[in-house]
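> Below are the sequence and a predicted model; questions follow.
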Amino acid sequence: MRKLYLLLLLLSGTVTLCAQSRLPESPGHSVSAQFASIVSKTRQWLHRYYNHPFDGQRLMSDSLYEKWRTHELVEDTEHPSKYLIIITLDGLRWQEVFTGANDTLLRAEAGKPEWEQWTQQHPVQNREALMPFLWNEIATNGQIHGNREKGSQVGVTNNMRISYPGYNEIFTGHPDDRHIKLNFKIPNPNQNVLRSIGREKNFRGRVASFASWDVFPSIFNQEKGGMYINAAFETESGVAFSALNAQLNTVERRWGSRVRPDSLTAAFALEYLRQASPRVLHIGLGETDEYAHEKKYLDYLKAAQSNDEMIRRIWDFVESSPVYRHKTTLFITTDHGRGNKADTWHKHHTWVQGSDEIWFAVMGPETAPLGEIEGGAPYFQNQFAQTFAGFLGLKYDADQPVGEKIVSLLGGGSTHLTER
Ligand SMILES: [Zn+2]
């Protein structure tokens with residue numbers, strides 16, 4: 001398999017060189033367009049059959065690489081939101097997202113050496129200091145749902161209220177308490193929206209997930225194909241990833257081989273955006289949940305804060321990229337809530353009150369910039385999958401029953417509309 005892949009890579013390299021030598025100094029539009037189309041198709045084919053990102057930069061000269069990117073940019077323009085980035089922050093409570101750090105919980109950690117310095121730098125009850133990207137960028141240009149203190153409710157419908165059941169609900173649109181009760185690595189029996197999108201024309205080979213947690217290949221049922229998955233300590237091929245691979249292989253494994261540091265997940269995902277231009281990308285971050293279970297409130301907050309910074313970097317790239325800018329929807333959410341009391345905040349399951357309470361934030365060309373939502377109808381986690389498809393102008397037809405899409409997030413228009 002590996003040999004065949006290398007052969008194909010060599011072949012497409014040869015095609016590239018031939019095309020390159022035949023192109024005149026200022027190439028005619030049709031020649032370069034045809035060439036770009038061949039490269040695009042080869043790339044999608046390789047990705048589809050070998051689950052492997054196409055290392056275009058390595059195979060092409062800079063000018064040809066740019067032509068290829070430009071071609072990708074114009075290949076279909078019928079829908080305003082052409083790209084979708086979904087970011088999940090494992091078990092981050094709405095309480096911290098909307099009201100900042102909890103004073104009581106933070107003071108309980110006052111003995112820690114870094115406590116004083118951190119609390120001085122980050123006013124404890126200030127959500128803007130905790131998650132500045134969320135509260136500056138998304139609150140201005142998008143929507144944030146789930147502040148129960150202001151009557152906006154978002155909840156899970158599965159009864160397990162732990163991670164795998166939550167991610168299953170997010171990506172399949174169907175709470176499956178019968179098959180998915182725990183976090184064991186069983187292949188998900190349900191159809192999921194990312195794999196379905198990955199089978200659509202123009203999306204083939206262009207749907208991917210980068211996740212910190214090693215259960216994601218099972219959650220997405222990797223064996224069934226349709227999307228590319230990189231989780232936990234899996235390295236990535238291609239020269240562009242060699243420095244990150246080296247870091248991944250030497251980084252301290254705080255949670256064994258189960259969870260890699262979020263900073264590496266985000267860095268791999270960002271590089272993948274640059275290299276492979278996916279239409280749909282999921283980024284699964286996990287440190288908030290790990291620190292919460294260890295009852296380390298300060299570390300839980302710091303993880304939330306650095307996750308926010310990672311999202312800002314991803315969005316900075318989106319805004320700087322001619323491929324993604326003004327055509328990308330960003331959706332951020334969590335798999336479950338946590339206990340809503342001082343002695344239960346660290347845990348979550350069926351019997352812990354508050355574990356079903358979640359939140360989401362969204363920003364993109366389809367979504368009206370309404371900021372923090374107050375009141376309104378409650379929304380549920382099983383509606384996300386159909387909403388993801390809706391952002392891209394698609395409909396998700398699953399074998400299992402699926403929650404309805406959240407229509408208020410779609411077709412609202414925004415200031416970005418005029419610039420498309
Ligand atoms: Zn957990």
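Okay, I see it. Residues are numbered from 1 along each chain as shown.

> use CA for all of it now, contacts and neighbours both
Noted.

> Which residue ranges of the stretch 301-420 of the chain form helices?
384-391 (DSSP state H, counting those that start in this stretch).

> How is the protein divided into domains?
Domain assignment for the chain by automatic domain parsing gives 2-74, 83-419.

> Looking at the ones you listed, which one is packed in the most?
Ranked by mean neighbour count under mean count of other CA atoms under 10 Å, the domains of the chain are led by domain 83-419, which reaches a mean of 20.

> How far does that one sit from its chain's centre?
Centre-to-centre, domain 83-419 and its host chain are 6 Å apart (CA atoms, centre = their mean, to the nearest Å).

> re earlier: columns mean pLDDT on top of the domains of the chain, output as JSON lines?
Shown next, in JSON lines, are those (pLDDT from 0 to 100):
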{"stretch": "domain 2-74", "mean pLDDT": "56"}
{"stretch": "domain 83-419", "mean pLDDT": "94"}
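
> Might you report the residue contacts of residue 153?
For residue 153, the contact set (CA atoms under 8 Å, 6 or more residues apart in numbering) comprises 145-147, 357-359, 375, 377-379.

> What is the nearest of the residues you listed to residue 332?
Distance to residue 332, by CA to CA, is smallest for residue 359 among the contacts of residue 153, at 8.5 Å.

> ok, for that closest one, nearest residue in space, not its chain neighbours?
residue 146 (4.3 Å; CA to CA, 6 or more residues apart in numbering).

> so where does residue 165 fall, helix or strand?
Assigned by DSSP states H and E, residue 165 falls within helix 163-172.

> and the next element down the chain from that helix?
Scanning forward in sequence from helix 163-172 by DSSP H and E, the next helix or strand is helix 193-198.

> what does that next one contact?
171-173, 203-207, 220, 225-227, 280, 385-386, 388-389, 394, 396, 398.

> what about the strands in the stretch 201-350 of the chain?
Along the stretch 201-350 of the chain, counting by DSSP state E, counting those that start in this stretch, strands occupy 207-211, 228-231, 280-285, 328-333.

> what lines up beside the second one in the sheet?
Pointing back at strand 228-231 there. Sheet pairing of strand 228-231 (DSSP bridges) gives strand 207-211 (parallel).

> Output the partner strand in CSV with nothing but the alpha carbons.
The C-alpha trace of strand 207-211 is given here as CSV (Å, rounded to 0.1, in the frame of the first residue of the first chain):
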residue,chain,number,x,y,z
VAL,A,207,-13.0,16.4,5.4
ALA,A,208,-10.7,15.9,8.4
SER,A,209,-10.5,15.7,12.2
PHE,A,210,-7.5,16.5,14.4
ALA,A,211,-8.1,15.5,18.0
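
> Direction-wise, compare that strand with strand 280-285 and give the angle.
Put simply, strand 207-211 runs at 10 degrees to strand 280-285, going by axes from the mean of the first three to the mean of the last three CA atoms, to 10 degrees.

> which other residues reach strand 207-211?
Contact with strand 207-211 is made by 194-195, 197-198, 226-232, 265-266, 268-269, 278-286, as judged by CA under 8 Å, 6+ apart.

> before we move on, the earlier item: mind putting the strands of the stretch 201-350 of the chain into a markdown table with distance to residue 367?
A markdown table is the format used below for the strands of the stretch 201-350 of the chain (distance: least, CA to CA, whole Å):
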| stretch | distance to residue 367 |
| --- | --- |
| strand 207-211 | 22 |
| strand 228-231 | 27 |
| strand 280-285 | 17 |
| strand 328-333 | 8 |
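
> To residue 82, which of these lies closest?
strand 328-333 (6.1 Å).

> Mind listing residues that contact the closest one?
Contacts for strand 328-333 (CA under 8 Å, 6+ apart): 81-89, 318, 358-366, 391.

> what about the closest residue in space to residue 327 that isn't next to it in sequence, neighbour count?
Spatial nearest neighbour of residue 327, chain neighbours left out: residue 81 (4.8 Å); criterion: CA to CA, 6+ apart. By other CA atoms under 10 Å, 26 other residues sit near residue 81.

> Is residue 81 in a helix, a strand, or coil?
coil (DSSP: H, G, I helix; E, B strand; the rest coil).

> And stretch 96-106, end to end?
End-to-end distance of stretch 96-106 (CA to CA, to the nearest Å): 11 Å.

> one step back: for residue 346, which of the strands of the stretch 201-350 of the chain is the nearest?
strand 280-285 (17.3 Å).

> Give me the angle between the closest one and strand 328-333.
Using the same axes, to 10 degrees: strand 280-285 against strand 328-333 is 30 degrees.

> what is the orientation angle of strand 280-285 with helix 384-391?
Relative orientation of strand 280-285 and helix 384-391, computed by the same axes, to 10 degrees: 140 degrees.

> Neighbouring strands - and their directions - for strand 280-285?
Strands that pair with strand 280-285, judged by DSSP bridges, come out as strand 83-89 (parallel), strand 207-211 (parallel).

> okay, those in a markdown table with distance to residue 348 next?
Below are those laid out as a markdown table (distance: least, CA to CA, whole Å):
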| stretch | distance to residue 348 |
| --- | --- |
| strand 83-89 | 15 |
| strand 207-211 | 21 |
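
> Would you tell me which of those strands gets closest to residue 325?
Of all the strands paired with strand 280-285, strand 83-89 comes closest under CA to CA, at 9.5 Å.

> what does the closest one contact?
Contacts of strand 83-89 (CA under 8 Å, 6+ apart): 278-286, 288, 304, 307, 324, 327-335, 388, 391-392.

> swap the cut-off to 7 Å and go again
Residues from elsewhere that reach strand 83-89 (CA atoms under 7 Å, 6 or more residues apart in numbering): 279-286, 324, 327-334.
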